[in-house]
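>>> curious how this folds, go ahead:
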Amino acid sequence: MAATRVTVIPGDGIGPDIMSATIRVLDALDCGLTYDYAIAGQTALDKGKDLVPQETLDLIEKNPVALKGPITTPVGKGFSSVNVTLRKHFDLFANLRPALSIPGVRSRYDNVDTGTRRGNLGGMDAGAARPAGGGGEGAERRRVIPRRESRRLVRFAYEASGRLNRRRVTVVHKANIMKSTSGLFLDVARSIAKEYEDIEHEEMIVDNCAMQLVMNPHRFDVIVTTNLFGDILSDLCAGLTGGLGLAPGANVGEHKGIFEAVHGSAPDIAGQNIANPTALMLGAAMMLEYLERNEDAERMRKAIRFVVGEGKVTTPDLGGKASTSEFTDEVIRNL
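Numbering: from 1, shown residues only. This is a model prediction of the structure:
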């Protein structure tokens with residue numbers, strides 16, 4: 001198989017630590033990847049560059065995939081989220097967040113296997129925002145649900161469900177109250193669902209979905225929803241399976257994917273070799289699947305799940321005493 005170039009953005013805080021660990025595992029797999037390194041976030045600002053430098057955008061454009069560590073977006077006016085910037089620039093219309101239990105990890109439920117498909121290019125992020133009223137006493141933001149983006153997202157969710165032998169898609173909305181915006185999304189979902197008669201179509205109001213996830217997450221297979229609802233529900237799902245330290249994510253478009261750990265940059269433990277790289281490693285496994293290196297992805301995922309689940313060589317956040325390097329060594333031994 002021909003070599004594939006990957007744009008690697010180590011990120012801020014613990015990002016370089018967990019990225020180095022993840023690259024070691026990818027190299028041990030010997031799966032034909034080469035790397036172009038780039039910067040973004042606080043690391044870029046510290047070097048006098050833009051939050052997302054043009055050279056970083058150029059490298060992402062050149063390569064089919066990118067692997068991104070956690071990035072700090074400074075708090076304050078004038079700074080937009082790095083993730084939002086990348087999603088819009090590269091037309092990455094879908095956010096994927098699997099929620100899969102790892103045997104041995106302490107969590108409220110066992111055998112959870114679900115995930116969210118969230119719209120990236122509509123919703124609250126797409127609407128204009130401005131102060132409302134005089135004297136700073138209020139603010140407002142428009143919610144925009146484009147029909148085109150809704151179609152792309154819902155069709156993506158159904159197509160992916162078919163490939164992965166998923167049997168139910170739950171469309172999450174708030175059309176009982178937000179009749180124009182959520183109503184449009186629900187109408188689009190209903191029309192597309194008719195094309196996939198072998199996949200069960202289910203509709204659920206977002207507040208009920210949150211309650212049902214907490215009460216019985218096993219009833220869910222694939223959840224598809226708009227930006228803000230998906231942002232909230234995907235973190236809820238991560239909490240059902242052990243937390244954000246075990247949660248990978250991806251932002252994909254029609255011709256490109258950016259894969260990541262969804263947790264923060266944890267600057268308080270940066271450089272101490274104690275950060276848990278599991279989420280980014282699982283994100284890299286998603287990247288391998290996107291590149292149709294399914295056997296390598298499965299080897300990587302099985303090794304990670306075995307080491308984490310066995311619990312003998314784990315990082316402090318999982319109750320162990322291993323360093324990032326020791327955990328990575330153990331994953332490589334179990335590939």
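>>> list the contacts for Val105?
Neighbouring residues of Val105 by Cβ atoms under 8 Å, 6 or more residues apart in numbering: Thr241, Gly242, Leu246, Val308, Gly309, Leu318. In short, each C-beta sits where N, CA and C put it, glycine included.
>>> which among the residues you listed gets closest to Leu291?
Leu246 (22.4 Å; Cβ to Cβ).
>>> identify the residue spatially nearest to the closest one, adjacent ones excluded.
Nearest-residue entry for Leu246: Thr278, 5.2 Å, with adjacent residues in sequence omitted and distances by Cβ to Cβ, 6 or more residues apart in numbering.
>>> what do you get for Ala40?
Setting aside the residues directly before and after it, Ala40 is nearest to Val52 in space (Cβ to Cβ, 6+ apart), at 4.9 Å.
>>> quick one, strands of the stretch 201-335 of the chain?
Counting by DSSP state E, counting those that start in this stretch, the segments of the stretch 201-335 of the chain that form strands are 222-225, 248-252, 257-261.
>>> distance of the nearest residue to Gly230 once chain neighbours are set aside relative to Phe156?
Spatial nearest neighbour of Gly230, chain neighbours left out: Arg118 (2.6 Å); criterion: Cβ to Cβ, 6+ apart. Here the criterion is Cβ to Cβ, to the nearest Å. By it, Arg118 lies 11 Å from Phe156.
>>> how about low-confidence regions in the chain?
1, 76-79, 125-135 (pLDDT under 70).
>>> now do 90
The chain contains residues with pLDDT under 90 at 1-3, 72-84, 103-104, 106, 108, 122-144, 163-165.
>>> and the helices in it, which stretches?
Counting by DSSP state H, the chain has helices at residues 15-29, 42-46, 54-62, 82-89, 147-163, 181-193, 206-215, 227-240, 278-290, 294-310, 324-333.
>>> please list only the buried members of the contacts of Val105.
Thr241, Gly242, Leu246, Val308, Leu318 (16 or more other Cβ atoms under 10 Å).
>>> is it possible to get JSON lines of the residues you listed that adds distance to Ser81?
Output for the buried ones among the contacts of Val105, formatted as JSON lines (distance: Cβ to Cβ, whole Å):
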{"residue": "Thr241", "distance to Ser81": "25"}
{"residue": "Gly242", "distance to Ser81": "25"}
{"residue": "Leu246", "distance to Ser81": "23"}
{"residue": "Val308", "distance to Ser81": "29"}
{"residue": "Leu318", "distance to Ser81": "28"}
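>>> spatially central residue for this protein, please.
With distances taken as Cα atoms, centre = their mean, the residue of the chain nearest its centroid is Gly249 (1.9 Å).
>>> from Thr324, how far off is Ile14?
The spacing between Ile14 and Thr324, counted by Cβ to Cβ, is 8 Å.
>>> give the residues shared as contacts by those two.
Ala275.
>>> which one's more surrounded, the two?
Ile14 (29 against 20; other Cβ atoms under 10 Å).
>>> excluding chain neighbours, what is closest to the more buried one?
Once flanking residues are discounted, Ile14 sits nearest to Ala275: 3.9 Å by Cβ to Cβ, 6+ apart.
>>> same question for Tyr37.
Per Cβ to Cβ, 6+ apart, closest to Tyr37 is Val8, 5.1 Å.
>>> number of residues surrounding the one you found?
Count around Val8 with other Cβ under 10 Å applied: 23.
>>> equivalent analysis for Ser80, please.
For Ser80, the count of nearby residues is 12 (other Cβ under 10 Å).
>>> next up, the contacts around it.
Neighbouring residues of Ser80 by Cβ under 8 Å, 6+ apart: Leu51, Thr73.
>>> do you know how far it is from Leu29?
Using Cβ to Cβ, Ser80 is found at 35 Å from Leu29.
>>> for stretch 251-268, buried residues please.
Result for stretch 251-268 [16+ other Cβ under 10 Å]: buried residues 251-253, 256-263, 265-266.
>>> list the contacts of stretch 324-335.
17-18, 21, 24-25, 28-29, 273-277, 281, 299-300, 302-304, 306-307, 312-315, 320, 322.
>>> just the buried residues of these.
Buried, going by 16+ other Cβ under 10 Å: 17-18, 21, 24-25, 28-29, 273-277, 281, 299-300, 303-304, 306-307, 313-315, 320, 322, out of the contacts of stretch 324-335.
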